[in-house]
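In: The following block contains a protein sequence and its predicted model.
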Amino acid sequence: MAFASTSRRVLTGSSTILRSQFSPVRFNSTITSPKLFVSGGLSEASFWGLSRLTTDEKLTEAFSPFGQLLEAKIMTDRASGRSKGFGFVTYTTVEEAEKAREGMNAKFLDGWVIFVDPAKPRGPRPPTQPELESSETGFRTNKTIGWCG
């Protein structure tokens, strides 16, 4: 009898278990800035991130129907020039950003599912170059390599 009542609750949608498992994906934070973070989901090739075919222009084209864009930028690696798999979209108003988030979250872009979340401010960055310590002999200790003269 307990199985029948549990099955009835699941099928009618009154079960909290069913609702918690199938709640909207990554759609729980509020937008306070008109800047959005765009990242990719799991693809057929089992990689995370946006498609490498996605460019700034394609991102602009996909997000422009939701309002006036100030910037649409795919982050790239400085050395290789390849996409890092995420980007940012900036609108003129928070309302436009909210519309874009609702319209583009969990949608396909260049064959990959993308997720749109509010952008978070960048945290403090670590120092660029640690200071090397000199010894009495004049040699410096480089913790990565060892001794250097």
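Out: Nice, I can see it.
In: after the worst-scoring helix or strand of the chain on mean pLDDT comes which helix or strand?
Out: The weakest-scoring helix or strand in the chain, judged by mean pLDDT, DSSP states H and E, is helix 16-21 (a mean of 37). Downstream of helix 16-21, the first helix or strand assigned by DSSP states H and E is strand 35-40.
In: what does that following strand contact?
Out: 48-51, 59, 85-91, 97, 100-101, 104, 112-120 (Cβ atoms under 8 Å, 6 or more residues apart in numbering). Any C-beta I mention is one placed from the backbone N, CA and C, and that applies to glycine too.
In: Tell me the first helix or strand C-terminal of that strand.
Out: Moving toward the C-terminus from strand 35-40, the next helix or strand (DSSP H and E) is helix 56-63.
In: so that next one versus strand 35-40, what angle?
Out: Angle, helix 56-63 to strand 35-40, by axes from the mean of the first three to the mean of the last three Cα atoms, to 10 degrees: 110 degrees.
In: ok, and what's touching helix 56-63?
Out: Val38, Leu69, Ala72, Lys73, Ile74, Gly87, Val89, Ala100, Met104, Leu109, Asp110.
In: in it, what counts as buried?
Out: Neighbour-count burial for helix 56-63 flags Lys58, Leu59, Ala62, Phe63 (criterion: 16 or more other Cβ atoms under 10 Å).
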